[in-house]
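*Asks:* structure, please.
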Amino acid sequence: MRVEARVVGKIDMSRYEDIVLKHERLRGVDYSGRTVDGFCAVGSRLEGCRFNNFRVRSCPCFGAGREMSEFVDCSFDGAHLDMGSGGCARFVRCSFRNVVLRGWRCDRVEMIDCVFSGRIKTAIFNGTVPVEERSFLHRERNEFHGNDFSGVDLIDVAFRRGIDLTQQRLPAGPQYLYLPDAAAALAYAQAEVAKWQGDAGVRKDAFSLLRAYQFEASNGQRQLLLRVGDYSVHSREVADGVWALLRPYAVAPGSASFDRPSET
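*Replies:* Model prediction:
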């Protein structure tokens, strides 16, 4: 094996700007309008700080390390961010209006009384902490309630592992389907698909879509919010057929009841 290398020049680190907050206690700091290369908070608390129209060239981490960082009454309005791992972060009464947030994976993120509008694309919010991380976080569940998602377009966004969707305000419209009793709805749909006649490939595709929904409804997730187009299927006909079976179990977000299909 032969390895060769050559020098092509030096990197000018002065051109890069990172914000690193480690064990900081900040109040009223304004980061609005800034574009930085990196953002990292470790064990910090920020109250009433502003990140309006904030940009980070790499994925920011609002809760790096194993210590919780907390953002209270902070504003992220107009921010466009590729979020990446959410880390150990807690957001309380924060504003995320007119945002574009992408790729947000929240295993240890807590969110209380926050408001959103704009677009969130490809995100996972979890109601429980991964088993292997509970010992150092000293908790099993993530606090997640009182949040207003009614004005945001949720594209490929999943609420998993026991997030109570009755404690959130959710978006509504023909592109969404809210199932308050996901287990019952999916069991009914699966039984009905099994009765479909004709092309076995169509049934297979429908079962595949239902398995994806069942995965979302596993591990204590009782309610589901589904969006048209978030799961790939071989044909629009299959997705429409599955949604037609689920629709009698759906209600408008915030409603308490639905008309269960007759089992006779």
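
*Asks:* contacts only, for residue 108.
*Replies:* By Cβ atoms under 8 Å, 6 or more residues apart in numbering, the contact list for residue 108 reads 63, 86, 87, 88, 89, 129, 130, 133, 137, 142. For every residue, glycine as well, the C-beta is placed using N, CA and C.

*Asks:* got the buried residues for the helix or strand hosting residue 159?
*Replies:* Residue 159 is part of strand 148-160, with elements assigned from DSSP states H and E. Of all the residues in strand 148-160, those buried under the rule 16 or more other Cβ atoms under 10 Å are 148, 149, 152, 153, 154, 157, 158, 159, 160.

*Asks:* can I get it as PDB, trimmed to CA atoms?
*Replies:* C-alpha atoms of strand 148-160 as PDB (Å, rounded to 0.1, in the frame of the first residue of the first chain):
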ATOM      1  CA  ASP A 148     -49.200  24.900  19.100                       C
ATOM      2  CA  PHE A 149     -48.400  23.300  15.800                       C
ATOM      3  CA  SER A 150     -51.700  24.400  14.200                       C
ATOM      4  CA  GLY A 151     -50.000  27.000  11.900                       C
ATOM      5  CA  VAL A 152     -47.100  24.900  10.700                       C
ATOM      6  CA  ASP A 153     -46.900  22.500   7.800                       C
ATOM      7  CA  LEU A 154     -45.500  19.200   9.200                       C
ATOM      8  CA  ILE A 155     -43.800  17.400   6.300                       C
ATOM      9  CA  ASP A 156     -42.600  13.900   7.200                       C
ATOM     10  CA  VAL A 157     -42.800  14.700  10.900                       C
ATOM     11  CA  ALA A 158     -43.400  11.900  13.500                       C
ATOM     12  CA  PHE A 159     -44.600  12.000  17.000                       C
ATOM     13  CA  ARG A 160     -43.500   8.800  18.700                       C
END
